[in-house]
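A.B. asks: sequence and computational prediction follow.
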Amino acid sequence: MGHRETRGAGTKDDRIEFHGNHHQLKSGDWQPSVFRHVIVDVMRLTFLLLLPFGLWADTVTLTDGTFLHGKIERVAGGFMEVVVPKLGAAIQRIPITSVESFNTDDAVIMSGGGTVLRGKASVVAQRAASTGGAETLPFDARLELWRDTNARPADIVNARKWTMLADLDLSGRSGVTEGSGISAGFLAKGVTPQDTIIGSIRATQAKSGNQTSANDLHVNLSYETNPTGVVFWYVRTDTGYDKARMVDLLSVNAGGIGLRLFTDASGKLDARLGLAHRYENYSIAGQPSLSTPSADLGLILHRELGWAALDSSISVVPSFSDSANYYIRHESSLNIMRREGPLSLKIGLTNDFRGRPLPSQASLDTAYFARIVYAVK
């Protein structure tokens, strides 16, 4: 049993003969072009497979050995701003003292305060170089790197950069009553090299059968200076209502000093210590309002974990007139399923605790949630 294929090629034939289970190639008749086609196809396939892994992306190596693939947006004021797809759509702000080296894949604009260079940029051994010129620049706080010709960092140093987040979640609750419901929120964060402003609003509705387990609103506004070392200043307000606890109006207004306890390229831990005034007005007949000077104590943690971002905050507001009468708000969350697009998923829990609840109030109200977040920049 056999098969024979004959193909004309000029004055020669390319022939492959099959006899039984044996393949025989006629020597001298196989054309080298066949091998060239195979090699080209393999190279094309390899190229396409490598593209999704960030073959054409900026690279950053940190002093702790961490290697980042992404897009360097700019370098200014001693910080590098880079978007790393694996860490989500948010811009990562990294002190240049934590950067060992970097390379850009396309042309950027770079200056050390004098000469302006245009080309692919790199940093090695604390010197910045560009394909746009032979001069190298010191890699320190004077270095500027940007992409838009009309957006040199030195020219827009005081412009506030805003990030906005809108979210919707499903939540379960325990405390006032057991139940489930929804909440919606919006947050806007504006940053300059000098300070940060954050404003947010969140409304929650939940029911357990015919009983309301949550009907509350919180409007938060905070301002803080960016620490030049460890210390910064802050003011904040938390205003709203909690109908399930029969609180028609609640307000905490506070201000004081903050301490940057820890910071690196992956996150920070801040502490707050200040003075506050706490006010609550109740819908309970005959119940006098609460108005008391208080302390304001807090911790705020943000940490990038690679596969997720961890955020946790807690504030404690104890009354000066009665230290057992305190108010605690806590929230911890993991931001997961982050991609290059604006959507992500946040899962977490919140706790709202009163040291001296009224007879009709629960001391602890706990909610756990799965929250869809949409980021707008």
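C.D. replies: Looks like it came in fine. Because the structure is a prediction, the values reported are computed rather than measured. Numbers count the residues shown, from 1 in each chain.
A.B. asks: tell me the strands beside the biggest strand by length in the chain, with direction?
C.D. replies: When the chain is parsed with DSSP state E, its longest strand is strand 247-264. Sheet pairing of strand 247-264 (DSSP bridges) gives strand 231-242 (antiparallel), strand 267-282 (antiparallel).
A.B. asks: list the buried residues of stretch 241-254.
C.D. replies: By 16 or more other C-beta atoms under 10 Å, the buried positions in stretch 241-254 come out as 241-242, 244-245, 247, 250-254. For the C-beta atoms, the positions are set from N, CA and C on the backbone; glycine is no exception.
A.B. asks: ok, so of these, who is nearest T59?
C.D. replies: Nearest to T59 out of the buried residues of stretch 241-254 is A254 (C-beta to C-beta; 43.1 Å).
A.B. asks: and the closest one, what is it in contact with?
C.D. replies: 235-237, 274-277, 294, 296, 317 (C-beta atoms under 8 Å, 6 or more residues apart in numbering).
A.B. asks: let's see it at 7 Å
C.D. replies: Residues in contact with A254 (C-beta atoms under 7 Å, 6 or more residues apart in numbering) are 236, 274-276, 296.
A.B. asks: what about burial for those, which qualify?
C.D. replies: 236, 274, 276, 296.
A.B. asks: to what extent is G286 buried, counted in neighbours?
C.D. replies: Residues near G286, counting by other C-beta atoms under 10 Å, number 5.
A.B. asks: where does it fall, secondary structure wise?
C.D. replies: Using DSSP states H and E, G286 falls within no helix or strand.
A.B. asks: quick one: pLDDT of it?
C.D. replies: For G286, the pLDDT comes out at 87.
A.B. asks: again with G185
C.D. replies: Predicted confidence (pLDDT) for G185: 96.
A.B. asks: mind checking the SS state of A244?
C.D. replies: helix (DSSP: H, G, I helix; E, B strand; the rest coil).
A.B. asks: number the residues from 62 up from this point.
C.D. replies: New numbering, starting at 62: the last item is A305.
A.B. asks: quick check: it touching L278?
C.D. replies: No. Using C-beta atoms under 7 Å, A305 is not in contact with L278; the gap is 11.6 Å.
A.B. asks: of the strands paired with strand 308-325, which is nearest T192?
C.D. replies: Nearest to T192 among the strands paired with strand 308-325 is strand 328-343 (33.9 Å), distances taken as C-beta to C-beta.
A.B. asks: and the residue nearest to W294 when sequence neighbours are not counted, how far is that from M225?
C.D. replies: The shortest distance from W294 to any non-neighbouring residue, by C-beta to C-beta, 6 or more residues apart in numbering, is to T286 (5.0 Å). Relative to M225, T286 is positioned 22 Å away (criterion: C-beta to C-beta, to the nearest Å).
A.B. asks: what ranges of the stretch 262-411 of the chain fall below the confidence cut-off?
C.D. replies: Applying pLDDT under 70 to the stretch 262-411 of the chain flags the ranges 401.
A.B. asks: how confident was the prediction at V237?
C.D. replies: pLDDT, read off for V237, is 56.
A.B. asks: which pair in the contacts of A315 spans the largest distance?
C.D. replies: Across the contacts of A315, no pair lies farther apart than R297 and L336, at 11.6 Å, counting by C-beta to C-beta.
A.B. asks: show the residue spans covered by the strands in the stretch 312-438 of the chain.
C.D. replies: Listed in chain order, the strands of the stretch 312-438 of the chain (DSSP state E, counting those that start in this stretch) span 328-343, 351-365, 370-379, 387-397, 404-415, 425-437.
A.B. asks: any chance of these in JSON lines, plus distance to S162?
C.D. replies: Below are the strands of the stretch 312-438 of the chain laid out as JSON lines (distance: least, C-beta to C-beta, whole Å):
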{"stretch": "strand 328-343", "distance to S162": "22"}
{"stretch": "strand 351-365", "distance to S162": "20"}
{"stretch": "strand 370-379", "distance to S162": "25"}
{"stretch": "strand 387-397", "distance to S162": "29"}
{"stretch": "strand 404-415", "distance to S162": "30"}
{"stretch": "strand 425-437", "distance to S162": "29"}
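A.B. asks: T210: which of those is closest?
C.D. replies: strand 425-437 (25.1 Å).
A.B. asks: just checking: what are the partner strands of that closest one?
C.D. replies: When DSSP bridges is applied, strand 425-437 pairs with strand 222-235 (antiparallel), strand 404-415 (antiparallel).
A.B. asks: residue contacts, Y302?
C.D. replies: Contacts of Y302 (C-beta under 7 Å, 6+ apart): 277-278, 308-311.
A.B. asks: hang on, the earlier thing: out of the contacts of A315, who's nearest G240?
C.D. replies: G240 has its nearest neighbour among the contacts of A315 in R297, at 29.5 Å by C-beta to C-beta.
A.B. asks: number of residues surrounding the closest residue to that closest one other than its chain neighbours?
C.D. replies: What sits nearest to R297 in space, not counting adjacent residues and going by C-beta to C-beta, 6+ apart, is S283, at 3.9 Å. Neighbour count of S283, defined by other C-beta under 10 Å: 18.
A.B. asks: quick one, phi psi at S283?
C.D. replies: Note on S283: its backbone torsions stand at phi -140, psi 150 [degrees, to the nearest 10].
A.B. asks: rewinding a little: may I see the buried residues of stretch 302-315 organised as CSV, with distance to I259 added?
C.D. replies: Formatted as CSV, these follow (distance: C-beta to C-beta, whole Å):
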residue, distance to I259
Y302, 21
D303, 22
A305, 26
R306, 25
V308, 24
L311, 19
S312, 18
V313, 15
N314, 15
A315, 14
